[in-house]
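[1] One predicted model, sequence on top.
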Amino acid sequence: MRTTTPPREEAGPTGPGTDPGTGPGGDTAPGAEAATPRLGRGTLLLMSVATGLAVAGNYFAQPLLDVIGRDLHLSTGAAALVVTVAQTGYGLGLLLLVPLGDLIERRRLAVVLCALTAAFLTLTASAPNGALLLAGTALTGLTSVAAQVVLPFAATLSAPAERGRTVGTVMTGLLLGILLARTAAGLLAELGGWRTVYWVNAALMLLMAVLLRLRLPTLRTHVGLRYPALLRSTLTLFVREPVLRWRAALGALTFAGFSVLWTALVFLLSGPAYGWQESAIGLMGLVGAAGSLAASTAGRLADRGLAHRVTGIAAFLLLGSWGLLAIGGAGGTWSLAALLAGVIILDLAAQAVHVSNQNLVYGVRPEARNRLNSAYMTSYFTGGAAGSALTSMVWGLAGWGGVCALGAGLAGAVVVVWAAEWARRTRATRTPGLSGPLT
């Protein structure tokens, strides 16, 4: 049951450009509504960079699985668990930590999580064995959800008519962090070993904690709930909000396919078909980074009310990309061209689905935006962790062909879910009195 008076979000000033509706100390000025400062370009850029650096630590291991395994005497399956553990930790952080943004002051939460991420990256960098490596990776994943605190923070600071563009901009930074993490990991591994990239990222995350503390406004949502009730309300959003259910399913399936590709691609490129070194494998992140271009475009189209159509087009592109990727498994010039094309198309489509999902979900209950984000992103990364785990098994049983069949099956499921959602919306517009939001 919806509340008749939505919780208020209040922001305090931190420097020049503060909205005149707030008074000293963050209190609402007399006669003014609780308001948030305007989101300037510099602050938006900082938030975009911070999200990218926060999530990057969860993906450094992907092009380094082989070298990490040799250094720490891990099997291929055990090395692949590094990716799964990172995504599982991230999923737990989404479920347990992100809802806190609707309970405690958001700037403080973002800063603390960034600082903790720096500490856990240091643990990973200094790990002498597989057990501590997995522990550091899991804890880094848990606190790197700072990215998912900053993202709805930016959406709240933006004007409603520009929310899609703002989400798309911050998501561009996040996606570049995910994809360029592989490139940075490969290059730095060549220079100073696989641990180097973790040391560098730890230093950068500590810098982000300082800059976010200096640049972000204070922002608190008054929800009137204690932490256990807050977590329960996050789960009940799935029951109450059909938009969230549909979009969470689409997000989980899409990111599962995304993880299938990037987990298996390392084994393909380092294997007999290509025989690439770590630095060359890392450069594939530059190819995948083209997908980040879809984030901003999808956000702008969502602002124009086209999120559902964008999702449908992207779903079919996902399915088609796996045909190209299957051709790419043979090795050789033409296979490499097909592989590169498949990577670009899959990443473009996956990010278009994701940003469209977020724009629709954030619009459902603005006063519960952190909990909505927690619910959606928990589903999203649960799908990613499942995709990585399935890939480890399928690769051992059926190689690249089996991996492509798995990816195509997931993409086909995305098409089916999107078609079912589209059919429901069509029936709802034609049937008076049908309950449930149509957006």
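    Sure thing, it's come through.
[2] What's the per-residue pLDDT of Leu46 here?
    pLDDT, Leu46: 93.
[3] With Ile313 instead?
    At Ile313, the pLDDT value in this model is 93.
[4] what helix or strand does the spatially closest residue to Trp334 that is not a sequence neighbour sit in?
    Excluding the flanking residues, the one nearest Trp334 by Cβ to Cβ, 6 or more residues apart in numbering is Ile327, at 7.8 Å. Where C-beta positions appear, they are placed from N, C-alpha and C, glycine not excepted. The secondary structure element spanning Ile327 is helix 307-327 (assigned by DSSP states H and E).
[5] so what secondary structure elements neighbour that helix?
    Helices and strands touching helix 307-327, as assessed by 3 or more Cβ pairs under 8 Å, 6 or more residues apart in numbering; DSSP states H and E, comprise helix 242-270, helix 293-303, helix 333-362, helix 369-430.
[6] I'd like to know which of the ones you listed is closest to Leu81.
    Go through the helices and strands packed on helix 307-327 one by one with Cβ to Cβ and the one that ends up closest to Leu81 is helix 369-430, at 7.5 Å.
[7] Centre of the chain to stretch 234-246, how far?
    The gap between the average C-alpha position of stretch 234-246 and the chain average comes to 19 Å, counting by Cα atoms, centre = their mean, to the nearest Å.
[8] Give me the helices and strands touching the helix or strand containing Phe238, please.
    Using DSSP H and E, the element containing Phe238 is helix 227-240. With contacts defined as 3+ Cβ pairs under 8 Å, 6+ apart, the packing partners of helix 227-240 are helix 76-96, helix 242-270, helix 369-430.
[9] So which of these is the most surrounded?
    helix 242-270 (a mean of 24; mean count of other Cβ atoms under 10 Å).
[10] residue contacts, Gly323?
    Gly323 makes contact with Gly342, Ala408, according to Cβ atoms under 8 Å, 6 or more residues apart in numbering.
[11] What is the burial count for the residue nearest to Trp334?
    If you count neighbours by other Cβ atoms under 10 Å, Ile327 ends up with 17.
[12] Check the spacing between the nearest residue to Arg247 once chain neighbours are set aside and Ile344 real quick.
    The shortest distance from Arg247 to any residue that is not its chain neighbour, by Cβ to Cβ, 6+ apart, is 4.2 Å, and that residue is Asn357. From Asn357 over to Ile344 the distance is 21 Å, taken as Cβ to Cβ, to the nearest Å.
[13] Who has more neighbours out of these two?
    Between Asn357 and Ile344, Asn357 has the larger neighbour count (other Cβ under 10 Å), namely 27 against 18.
[14] My guess is that one contacts Gly251. True?
    Yes - distance between Asn357 and Gly251: 5.1 Å, which falls inside the contact criterion (Cβ atoms under 8 Å).
[15] Show me what counts as buried in the helix holding Ile327.
    307-308, 310-312, 314-315, 317-319, 321-322, 324-327 (16 or more other Cβ atoms under 10 Å).
[16] for these, which one is nearest Gly141?
    Leu318 (24.8 Å).
[17] what's the angle from the helix or strand containing Leu123 to helix 369-430?
    Taking DSSP H and E as the criterion, Leu123 maps to helix 106-125. If you take axes from the mean of the first three to the mean of the last three Cα atoms, to 10 degrees, helix 106-125 sits at 110 degrees to helix 369-430.
[18] Alpha carbons only: can I get helix 106-125 in CSV?
    Coordinates of the C-alpha atoms in helix 106-125 are reproduced here as CSV (Å, rounded to 0.1, in the frame of the first residue of the first chain):
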residue,chain,number,x,y,z
ARG,A,106,24.0,9.4,1.2
ARG,A,107,27.2,11.3,0.9
ARG,A,108,28.6,9.8,4.0
LEU,A,109,27.5,6.3,2.8
ALA,A,110,29.2,6.8,-0.6
VAL,A,111,32.4,8.1,1.0
VAL,A,112,32.7,5.2,3.6
LEU,A,113,32.1,2.6,1.0
CYS,A,114,34.7,4.0,-1.3
ALA,A,115,37.3,4.1,1.5
LEU,A,116,36.5,0.5,2.5
THR,A,117,36.8,-0.6,-1.2
ALA,A,118,40.3,0.9,-1.2
ALA,A,119,41.2,-1.1,1.9
PHE,A,120,39.9,-4.4,0.5
LEU,A,121,41.7,-3.8,-2.8
THR,A,122,44.8,-3.6,-0.8
LEU,A,123,44.1,-7.0,0.8
THR,A,124,43.6,-8.5,-2.6
ALA,A,125,46.8,-7.0,-3.9
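[19] start the count at 69, not 1, going forward
    That works, and once the first residue is 69, the last one we named lands at helix 174-193.
[20] Dump the next helix or strand after that helix to CSV, restricted to CA.
    Using DSSP H and E, the next helix or strand after helix 174-193 towards the C-terminus is helix 198-211. Backbone C-alpha positions of helix 198-211 (Å, rounded to 0.1, in the frame of the first residue of the first chain) are rendered in CSV as follows:
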residue,chain,number,x,y,z
GLY,A,198,43.9,-18.3,-3.1
ALA,A,199,41.9,-18.1,0.1
LEU,A,200,42.9,-14.5,0.9
LEU,A,201,42.5,-13.6,-2.8
LEU,A,202,38.9,-14.8,-2.7
ALA,A,203,38.3,-13.1,0.6
GLY,A,204,39.6,-9.8,-0.6
THR,A,205,37.7,-10.1,-3.9
ALA,A,206,34.5,-10.9,-2.1
LEU,A,207,34.8,-7.9,0.3
THR,A,208,35.8,-5.6,-2.5
GLY,A,209,32.7,-6.7,-4.4
LEU,A,210,30.6,-6.1,-1.3
THR,A,211,31.7,-2.4,-0.8
